[in-house]
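A.B. asks: based on what follows, work out the 3D shape:
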Amino acid sequence: MLRGWSKQEWSWAIYDWANSAYALIVMTAFFPFFLKHQLTIADPGLSMTSLLGYANSISGAIVVILAPALGAIADQFGAKKKLLAIFSVVGILATFSLSLVSSGQPLLAAGVFVIGNIGFSAANGLYDALILTVTSKDRLDRLSALGFSLGYAGSLILFVFAFLTTLHPEWFGLANNIAAMRLIFILTAAWWLIFMIPLLRAVLNEERLAKVEIRPWQAVKSAFVELKQTLQEIKQYQGAAKFLLAYWLYIDGVHTVIKMAVAYSEALGFDSSVPLKGILAVQVIAIPATLGFGWLAAKFGTRRLIMIGVAAYLVVTVAAPFMTRPWHFYLLAGIIGLAQGGIQSMSRSMYARLIPQNEAGKYFGFYNMVGIFATVIGPFLMATMALVFSERYSILAIPVLLIVGMLLLARVKDPGQAAVA
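C.D. replies: Numbers count the residues shown, from 1 in each chain. Presented below is the predicted three-dimensional model:
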């Protein structure tokens, strides 16, 4: 296959190209503007930062509840790929449905967004778990980085079109930028659907773990018992347990910045083109930067690179309240572009080395649950600070999470190649 990748590896990685369009186009960039329009028409007395933050927290909490059951069923029935397809379709239908929400219905828009987030996050956790099915441990860093890089590249292509369509709807025969956003939601749903097909066709089904016939409801019932057991078992893998605690805290900061960047920039009074240009810069920079993290991990160690990335986010979140000009936003966006994909891809590959391969679904279900739980706390804290204090300083809820996460990560032994001192 291309550049030494097997058909399974390449088909697995291309799913990142498919679903990252939702993460960028809907979750990060355009839904906040769509929600702002809904709020302007309806005027329910909520700020965009608050409503968006609570919507992200609610969807995250639901996925936290689902994750253990999904992991157990995926392992018992060898159903990672099937469940991934089901939840992807849920996300795709919700994305399409956003285009049908009438003006002045902010709570309905937020509700559909919650469903889309659930589909995206649940499917993404199953996708993460499939990495151990398609490749060997010595290729995890590079394949994980390839997936994220393809995600940035694919979503960038669609984002450029969405950016132009929103700023110049008349070029495309559209009445206004709201009509452009509705079209963007439809295209994002189609993009996700089309580009998940290679994974469904090429990635082999896993063997079921269960040796006796059990019913799905029995697997679900036992999932929460198994969650308790997993919490006890993971203590045997001390590196994984310590890593998850650190990951929970630092990825909270990363996810919150990704999901709340547009709402935050709007709160600071920047023109709508500023965050969109900043997001474009993040995507362009992140493609080579993420690949670079994958290659540098072999030389410097996976853990060290994660810590460098988290430190970059710390700089961004501390500096953000002092932004007053567009170039300030672009500078911080550039720093995020250098760090974001590397943190995500190296975290996934480091964790994959710390867990037993034959129970990857269960342990990655737990990993996904921890990651999604992080999206509950960060947006909630930021939304609450925006209501109680001010939107400008709401982001200062994030640095403490990053600092504690880094301190805990420093106590985890790097399971990859030895870092060069």
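A.B. asks: poorly predicted segments of this protein, please.
C.D. replies: Applying pLDDT under 70 to the chain flags residues 1-3, 42-46, 76, 137, 205-224, 226-227, 230-237, 357-362, 365, 416-421.
A.B. asks: now stretch 367-385: buried residues?
C.D. replies: Going by neighbour count (16 or more other C-beta atoms under 10 Å), the buried part of stretch 367-385 is 367-385. To be clear about C-beta, it is placed using only N, CA and C from the backbone, and glycine gets the same treatment.
A.B. asks: centre of the chain to it, how far?
C.D. replies: 12 Å (C-alpha atoms, centre = their mean, to the nearest Å).
A.B. asks: swap in stretch 248-260?
C.D. replies: Relative to its chain's centre, stretch 248-260 lies at 9 Å (C-alpha atoms, centre = their mean).
A.B. asks: show residues contacting that stretch.
C.D. replies: Stretch 248-260 has contacts (C-beta atoms under 8 Å, 6 or more residues apart in numbering) with 23, 27-28, 49, 52-53, 56, 306, 310, 313-314, 316-317, 336, 340, 343-344, 347, 370-371, 373-375, 377-379, 382, 395, 398-399, 401-402, 404-406, 408-409.
A.B. asks: inside helices: which ones of the residues you listed?
C.D. replies: Here DSSP state H is the test, and the contacts of stretch 248-260 give 49, 52-53, 56, 306, 310, 313-314, 316-317, 336, 340, 343-344, 347, 370-371, 373-375, 377-379, 382, 399, 401-402, 404-406, 408-409 as lying in helices.
A.B. asks: quick one, which of those are buried?
C.D. replies: With burial judged by 16+ other C-beta under 10 Å, the buried subset of the ones in helices among the contacts of stretch 248-260 is 49, 52-53, 56, 306, 310, 313-314, 316-317, 336, 340, 343-344, 347, 370-371, 373-375, 377-379, 382, 399, 401-402, 404-406, 408-409.
A.B. asks: show me where the stretch 101-250 of the chain has its strands.
C.D. replies: Read by DSSP state E, counting those that start in this stretch, the stretch 101-250 of the chain holds no strands at all.
A.B. asks: next one: the nearest residue to residue 114 once chain neighbours are set aside from residue 286, what distance?
C.D. replies: Nearest residue to residue 114, sequence neighbours excluded (C-beta to C-beta, 6 or more residues apart in numbering): residue 59, at 4.3 Å. Distance, residue 59 to residue 286, by C-beta to C-beta, to the nearest Å: 24 Å.
A.B. asks: before we move on, what about residue 265?
C.D. replies: Per C-beta to C-beta, residue 265 is found 18 Å from residue 286.
A.B. asks: pick out whichever of the two has more residues nearby.
C.D. replies: Per other C-beta atoms under 10 Å, whichever of residue 265 and residue 286 has more neighbours is residue 286, with 26 against 23.
A.B. asks: run the chain-centre distance for the helix or strand encompassing that one.
C.D. replies: Assessed by DSSP states H and E, residue 286 sits inside helix 273-300. In terms of C-alpha atoms, centre = their mean, the centre of helix 273-300 is set 15 Å apart from its chain centre.
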